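S.K.: no sequence on this one, just coordinates:
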């Protein structure tokens, strides 16, 4: 049982380049999330998807787009990378219906992105 | 809107000493509260959570936390620190009205002194 799998684990981009971060979960969860983690700022929600076919903005969506390809996969795209997007990106999934209140989110290992 | 404040971005304790990591929350509705741990170069994993019922919650690795509504706090404790507890700890909150999104605190890095 792999849980949440993110690819790639590391990436260096030049300013203005584009890339897509991939995320897949094998737990049949309805909800998926993208967070970014920056020193001293904790984790901030970029986008989330409550179910297949739906997406919504989080706290810091500017400069990003997402696609919920199917129930398993949720990708994050940077159309024109900027140095301010240098961060560690985490994908997570959860399923409220499986918990008796208080949804536990399961996280991937993260993608460390550097934009130069 | 919900928010979480973690007091102390860095905490150092001696091996065998009490661990106390502080978390205060702000929520306009009854909250669900969580503590997550992040080991170096890894993702986050759940330590424990409070939803309803008993206010003292026990988690993995000997950690526990107490929900105190009057103090809007959810501090994390462990009676005796172990070297393997060195990690970053995040407090998080979500509401209990169908919103599964987590709002995280800024994290506390715990260092264990041998």
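M.R.: On my side now, so go ahead. The shown structure was predicted, so the numbers you read here are calculated from the model rather than taken from an experiment.
S.K.: every contact and neighbour count from this point should use C-alpha atoms.
M.R.: Will do.
S.K.: low pLDDT regions in chain B?
M.R.: Scanning chain B for pLDDT under 70 picks out B:95-99.
S.K.: ditto for chain A
M.R.: A:1, A:96-102.
S.K.: contact partners for the residue of it found nearest chain B?
M.R.: Here chain A gets closest to chain B at one residue, residue A:42, 3.8 Å apart by Cα to the nearest Cα. Residue A:42 makes contact with B:90, B:104, B:105, B:106, B:107, according to Cα atoms under 8 Å, 6 or more residues apart in numbering or on different chains.
S.K.: what's the neighbour count on the last one?
M.R.: Counted with other Cα atoms under 10 Å in any protein chain shown, the neighbours of residue B:107 add up to 28.
S.K.: and the closest residue to residue B:11 other than its chain neighbours, how many neighbours?
M.R.: With Cα to Cα, 6 or more residues apart in numbering or on different chains as the criterion, residue B:11 has its nearest non-adjacent residue at 5.0 Å, and that residue is residue B:110. Applying other Cα under 10 Å, we find 20 other residues in the vicinity of residue B:110.
S.K.: equivalent analysis for residue A:86, please.
M.R.: 19.
S.K.: please name the nearest non-neighbouring residue to it.
M.R.: Distances taken as Cα to Cα, 6+ apart place residue A:114 nearest to residue A:86, at 4.6 Å, with adjacent residues excluded.
S.K.: run through the bridge partners of the one you found.
M.R.: Using DSSP bridges, the bridge partners assigned to residue A:114 are residue A:12.
S.K.: that one against residue A:82, yeah?
M.R.: No: in this structure residue A:114 lies outside contact range of residue A:82 using Cα atoms under 8 Å: 9.3 Å.
S.K.: the residue in chain B positioned nearest to chain A - how many residues pack around it?
M.R.: Nearest residue of chain B to chain A, counting by Cα to the nearest Cα: residue B:106, 3.8 Å away. Counted with other Cα under 10 Å, the neighbours of residue B:106 add up to 25.
S.K.: which positions in chain B make contact with chain A?
M.R.: B:9, B:32-33, B:41-46, B:49-51, B:90, B:94, B:96, B:100, B:103-107 (Cα under 8 Å from any Cα of the partner chain).
S.K.: in PyMOL, select just the buried ones from the residues you listed.
M.R.: The PyMOL selection below is limited to those of those classed as buried (16 or more other Cα atoms under 10 Å in any protein chain shown):
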select buried, chain B and resi 32+33+43+44+45+46+49+50+51+90+94+96+100+103+104+105+106+107
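S.K.: appreciated, that's everything.
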